[in-house]
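[1] Pasted the sequence and its predicted model underneath.
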Amino acid sequence: MSPLAFHRKLQTKVRLNSPILSIVTQPTSSGSIANLGSTSFTGLATFTFPSTTGIGTIGYEWRDESGVIGVGTQLTLTNLTAVNDNGREIFHRAIYYPDTTRIGIQTFEPSASNSPLDSNSVTLNVRSVITFSQQPDTDDN
Amino acid sequence: MTISKIFSKGTIIAITAKAVISAFDANLLQYSWRRDGVVVTSVLTSGTATLITSTAGTYDVVVSHPNADTITSNSFNLSYREPKDIIRLIYQTGGFANIDANTGNFTSFQVIDWNIAEKEFEMGTGVQDAIDYGNPSGGWWRVFAKEKDLSLDVTLRGSCGGNNLNSRTSGQGGTGTLRRTFETNQLYTLRIGDRRSGADNDVQVNGPNGGRTFDGSGNFGGGQTYMKRGGTLVAVAGGGGGSATNADGGDGGGFNVAGESGQGNGRSGGRVVNPGTQSYSGYPRNFGVKGMSRCGLDARNGALLCTFENGASDGQNNGGWGDNNGGGGGSGLEGGHGGRSSNEAGCGGSGWASSAVTILSASLGGGGQDHNGSVRIRQTGFNNYIVQWYHTTGIRRGLIPTFNLTNNGNFTATVTPQNVGFETNQGPESSKHYLVEFEEPFLNTAYNTTFTFIGDLTAAGALEPTFTPIIFDKQAGSFRVKFADADGTPHIRETIFKVQPA
């Protein structure tokens, strides 16, 4: 069997004119956060087709090192503490989903070549809390 | 919550506080101490922050950290008062095992803070002593002036010899009263003699003991009572000798007073010698006696150490042993010899005082029969009398004869008018005068008396411009006084007089 005969049997996806994801709004650091305080982030992405038009949607995930912590373009975190949250890195992930509802076309709707696309990471800066274990006093003797 | 504390003026205190941070480097915790809202000092520490101060005010501390919100502590109100006449008394509890062999510190003890201006303090070694004095019994005390220097008159009484074995009389402990300014925070040690008689009054309170007996039915000698400043001996009152079955024990000596020989005992009581530099340990057996050292024996290396009182082996149990129904000698600066037969009683131990104290009185014996050793601490001048009288005798002027007396001093005196009206020959002379008798005699007649006259009337109601008090028949426990005016020595209407020890 010639090499060409071998390749004729291999299924190959060919993406033609696939869309490209790009970040429109990067999440930004909210600065120093008080103990038990809260903060919100916003992220947004878009997609473009290089030479034609297409139909698709973008899904969003908010992630940290543990995995998905939220969805959508907005994320609000509450009850933050230095012990648990300081230094925690969070980023926004955009995922392109081709439109699969149009019969006969879906086969030809390409996915985005750079999906999923992650935003820059932001690091939480949560202030610690100081408490007195011993209030001012003297030895009575 | 605000804490408020009051200290004696001049006391340097340490205010401490500590904060913790839930995350980040605790070494970056900064404490800013404030007094009345103004920062006085700042420190970085992960440990306890301490502020040393002797200034009154309202203190707090602000704690900050680069990665945390700043917090402010509760307030601590510091104020000062005038120093009080407080002596701190620490008495050891338990056995010798509760004394640290390396430092001499008590590891088991109780503390009493006593206002010596309000009441004297008296303590002994036995159960009965505790009942009599109302204070804990103990043979090993440490004392210091807590807030200011205090001039104290301290009476030491050696222990009587034992009394529970036969009907003969053991010697009494010697007594003496010294005066010494106790410096603030300078530690003094008081060891109070015990009899180790085995009776109820012997509670094993670590008091010095007298000489014991090898064999027979003689009584033990009495333990000495002594005082040290730091580790240096300053005064000793000797213990009495124990009685033999057929002879009475000799008395112990007060300050610089030799012990008395026991009845029938040809050997001497303890002598007044300069305390040696040699330290002894253990009991002096084989009929010998030993001298007491100036200092204690350092348990760590056997050297003499004059900085603290250190243990049971400090030469305090130095009375000679008795044998064959003889009595044991009393302990003292030098122990008294023991008796060697039923006709030889124990001799008393000697007393001594260094030049570091003023001797107010000293006597052979005087510690009381059947009494353990004891100590009385009294502020100088505490035994004072402040007496006011109102006297009327003017029958011819229509006055009802009265004599009203009010005592406002620490002790009570009685006053008896002498040769009133038709009475004569009361007292050593026939003049009109007053007999003043003290509740407690002074140590001698060197006490001071001052009179303040209220008005210028005689007791009969006559007006006289001046009275001159004339004291006569002055005794340690009493005196008589008459009042000279322009034409005689009348009784007088009203006066206040004060009597204080010199």
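    Received it, and whenever you're ready, just let me know what you need. Numbers count the residues shown, from 1 in each chain, chains lettered A, B, ... in the order given.

[2] Pull the number of nearby residues for residue B:103.
    The number of residues packed around residue B:103, counting by other C-beta atoms under 10 Å in any protein chain shown, is 13. C-beta here means a position set from N, CA and C on the backbone, and glycine is covered the same way.

[3] again but with residue B:475, I slipped
    Taking other C-beta under 10 Å as the definition, residue B:475 ends up with a neighbour count of 14.

[4] if I look at it, how far off is chain A?
    Residue B:475 is 46 Å from chain A, where distance means C-beta to the nearest C-beta, to the nearest Å.

[5] cool, and residue B:214?
    Using C-beta to the nearest C-beta, which is the criterion applied here, residue B:214 is 47 Å from chain A.

[6] residues in contact with that residue?
    Residue B:214 makes contact with B:285, B:321-324, according to C-beta atoms under 8 Å, 6 or more residues apart in numbering or on different chains.

[7] what about 6 Å?
    Applying C-beta atoms under 6 Å, 6 or more residues apart in numbering or on different chains, one finds that residue B:214 lies in contact with B:321, B:323.

[8] Kindly state the pLDDT recorded for residue B:126?
    The score at residue B:126 is 79. That number is its pLDDT.

[9] Pretty sure it sits against residue B:371.
    No. Residue B:126 is beyond contact range of residue B:371, at 8.5 Å (criterion: C-beta atoms under 6 Å).

[10] Disregarding flanking residues, what is the spatial nearest neighbour of residue A:47?
    Nearest-residue entry for residue A:47: residue A:19, 4.2 Å, with adjacent residues in sequence omitted and distances by C-beta to C-beta, 6 or more residues apart in numbering or on different chains.

[11] Quickly note the distance from the one you found to residue A:92.
    When C-beta to C-beta, to the nearest Å is applied, the distance between residue A:19 and residue A:92 equals 18 Å.

[12] Then residue B:479?
    Plainly put, residue B:479 is 106 Å away from residue A:92 if you go by C-beta to C-beta.

[13] before we move on, what about residue A:73?
    As for residue A:73, its distance to residue A:92 is 8 Å (criterion: C-beta to C-beta).

[14] who has more neighbours, those two?
    residue A:92 (27 against 17).

[15] Can you give me the pLDDT of that one?
    Looking at residue A:92, its pLDDT stands at 96.

[16] Kindly tell me how buried the nearest residue to residue B:408 once chain neighbours are set aside is, as a neighbour count.
    If you skip the residues right next to it in sequence, residue B:408 has residue B:386 as its closest partner in space, 4.3 Å away by C-beta to C-beta, 6+ apart. A count of neighbours around residue B:386, defined by other C-beta under 10 Å, yields 16.

[17] quick one on the thing from earlier: could you name every residue contacting both of residue A:73 and residue A:92?
    Any residue near both residue A:73 and residue A:92 by C-beta under 6 Å, 6+ apart counts here, and that gives residue A:43.

[18] can you tell me the helix or strand for residue B:475?
    Taking DSSP states H and E as the criterion, residue B:475 maps to no regular element, lying outside all helices and strands.

[19] and it, how far is that from residue B:438?
    Computed with C-beta to C-beta, the distance linking residue B:475 and residue B:438 is 9 Å.

[20] residues contacting residue B:495?
    With C-beta under 6 Å, 6+ apart as the criterion, the residues that contact residue B:495 are B:451, B:453.

[21] Where does residue B:132 sit, in terms of helix or strand?
    Per DSSP H and E: residue B:132 is located in helix B:127-133.

[22] to the chain's geometric centre, what's the distance from the next helix or strand after that helix?
    Once helix B:127-133 ends, the next helix or strand along the chain (criterion: DSSP H and E) is strand B:140-145. Here strand B:140-145 is found 10 Å from its chain centre; the criterion is C-alpha atoms, centre = their mean, to the nearest Å.

[23] Return the list of helices and strands in contact with strand B:140-145.
    In terms of contacts (3 or more C-beta pairs under 6 Å, 6 or more residues apart in numbering or on different chains; DSSP states H and E), strand B:140-145 is packed against strand B:86-92, strand B:188-191.

[24] Other residues contacting the last one?
    Which is strand B:188-191. With C-beta under 6 Å, 6+ apart as the contact definition, strand B:188-191 has outside contacts at B:140-143, B:208, B:226-229, B:309, B:375.

[25] so what strands line up beside that strand?
    The strands that strand B:188-191 pairs with in its sheet are strand B:140-145 (antiparallel), strand B:225-229 (antiparallel) (by DSSP bridges).

[26] Deepest in the core, which of the helices and strands packed on strand B:140-145 is it.
    strand B:188-191 (a mean of 24; mean count of other C-beta atoms under 10 Å in any protein chain shown).

[27] Restricting to C-alpha, output that one in PDB.
    As requested, the backbone C-alpha atoms of strand B:188-191 are provided in PDB (Å, rounded to 0.1, in the frame of the first residue of the first chain):
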ATOM      1  CA  TYR B 188      15.800  39.500 105.800                       C
ATOM      2  CA  THR B 189      15.500  36.000 107.200                       C
ATOM      3  CA  LEU B 190      14.000  35.100 110.500                       C
ATOM      4  CA  ARG B 191      14.500  31.700 112.000                       C
END
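
[28] Now find how far off-centre that strand is within its chain.
    On C-alpha atoms, centre = their mean, the centre of strand B:188-191 falls 10 Å from that of its chain.

[29] just stretch A:111-126 next, same as before
    Taking C-alpha atoms, centre = their mean, the mean C-alpha location of stretch A:111-126 is offset from the chain mean by 4 Å.

[30] Export only the CA atoms of it, formatted as PDB.
    Extracted C-alpha coordinates of stretch A:111-126, given in PDB (Å, rounded to 0.1, in the frame of the first residue of the first chain):
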ATOM      1  CA  SER A 111     -14.800  25.800  16.200                       C
ATOM      2  CA  ALA A 112     -12.500  28.600  17.300                       C
ATOM      3  CA  SER A 113      -8.900  27.700  16.900                       C
ATOM      4  CA  ASN A 114      -7.800  29.400  20.200                       C
ATOM      5  CA  SER A 115     -10.700  28.300  22.400                       C
ATOM      6  CA  PRO A 116     -10.600  28.200  25.300                       C
ATOM      7  CA  LEU A 117      -9.000  31.500  25.900                       C
ATOM      8  CA  ASP A 118      -7.800  32.600  29.300                       C
ATOM      9  CA  SER A 119      -7.600  36.100  30.600                       C
ATOM     10  CA  ASN A 120      -4.800  37.500  32.600                       C
ATOM     11  CA  SER A 121      -4.800  36.400  36.200                       C
ATOM     12  CA  VAL A 122      -5.500  38.600  39.100                       C
ATOM     13  CA  THR A 123      -4.200  38.000  42.600                       C
ATOM     14  CA  LEU A 124      -6.400  38.600  45.600                       C
ATOM     15  CA  ASN A 125      -4.800  40.800  48.200                       C
ATOM     16  CA  VAL A 126      -6.800  40.200  51.400                       C
END
